[in-house]
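Trainee: Just the structure for this:
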Amino acid sequence: MNDANGDRSAPRWKRIVFKPSGEALAGPSGRGLDGPTLDQTAADIIDVRENLDVDVAVVVGGGNFWRGRTGAMEGMDATQSDHIGMLGTVMNALALQDALERRGQGTRVLSAIEMPRIAEPYIRRRAMRHLEKGRVVIFAAGTGNPFFTTDTAAALRAAEIEAGALLKGTHSGVDGVYDSDPRKNPNAKKYDEIEYMQVMNQDLKVMDATAIAFCRDHQIPIVVFDMSAPAALRSILTGGQVGTIVH
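Mentor: Numbering: from 1, shown residues only. Next up is the predicted model:
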């Protein structure tokens, strides 16, 4: 049941995959890592974990450290470039883990590329067990394969751990899905809800097409929102109209 503010007695989903972009973790600069942004992201995650009893898994991007297919590094071997990008996601995962654990939240980093000195290898049953114990699980290194984005990794992990939804946190003030880039077109129309096929047919830059198609096939709703907005995660889970839901 919702009250006048959109709050409900139980969260909309009991288990989520949260997908913050790497650039979002970098704060205003868009590069590297920003301490206050990491701290606020950790606080938001802990809020829904403790106060709403929602299982939270996180898939981190790496664009704040590496975008090797464009710019000065364009022309690099694609597989090599993607492996470097996977290492960028591991750095973000470790930084977010530190921010969570400094606030007392048990956290595990599971990497699709084995690096046993700093992270556990990704094993589905192990991830499920950590979630059942109230830990936040951070998935690093994407799928472990080149040519697949961290958006696709987030969709895959959401299906594997039986998450109710995939929440994609954006940056730069983009607070949902629009029919054109709102940073370039002041008349861009924002959608409150939109269907998977409409996103793909209109080539709306929400996530890559593989991730959208995967979520469609497995009936995993996607919420696209501005993760810098105060208490956005809580608002989404308690029924507030935040961002855009793709279903």
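Trainee: Can you tell me which helix or strand of the chain has the lowest average pLDDT?
Mentor: Of all regular secondary-structure elements in the chain, judged by mean pLDDT, DSSP states H and E, the least confident is helix 22-25 with a mean of 87.
Trainee: Show me what it is packed against.
Mentor: Packing contacts for helix 22-25, counted by 3 or more C-beta pairs under 8 Å, 6 or more residues apart in numbering; DSSP states H and E, involve helix 35-51, helix 78-102. C-betas here are computed from N, CA, C, even on glycine.
Trainee: and Gly75, how many neighbours?
Mentor: Other residues near Gly75 number 9, with proximity taken as other C-beta atoms under 10 Å.
Trainee: And for Asn51?
Mentor: Around Asn51 sit 12 other residues, with neighbours defined as other C-beta under 10 Å.
Trainee: what's the nearest residue to it if we skip its chain neighbours?
Mentor: Distances taken as C-beta to C-beta, 6 or more residues apart in numbering place Arg234 nearest to Asn51, at 7.7 Å, with adjacent residues excluded.
Trainee: where do the strands sit along the chain?
Mentor: Ranges of strands in the chain, per DSSP state E, are 15-20, 55-59, 107-111, 120-121, 136-140, 165-170, 177-178, 190-191, 193-194, 222-226, 244-246.
Trainee: Now do Glu132 against Asp175, distance only.
Mentor: For Glu132, the distance to Asp175 (C-beta to C-beta, to the nearest Å) stands at 33 Å.
Trainee: do the same with Gly240
Mentor: Taking C-beta to C-beta as the criterion, Gly240 is separated from Asp175 by 13 Å.
Trainee: Look up how far Ala165 lies from Ala213.
Mentor: Distance check for Ala213 against Ala165: by C-beta to C-beta, it reads 17 Å.
Trainee: and Pro182, what is it in contact with?
Mentor: When contacts are counted by C-beta atoms under 8 Å, 6 or more residues apart in numbering, Pro182 is found next to Val174, Ala188, Lys190.
Trainee: Kindly tell me how buried the first one is, as a neighbour count.
Mentor: Which is Val174. Taking other C-beta under 10 Å as the neighbour definition, Val174 ends up with a count of 18.
Trainee: wait, it sits on Ala188?
Mentor: No: counting by C-beta atoms under 8 Å, Ala188 is not a contact partner of Val174; they are 9.8 Å apart.
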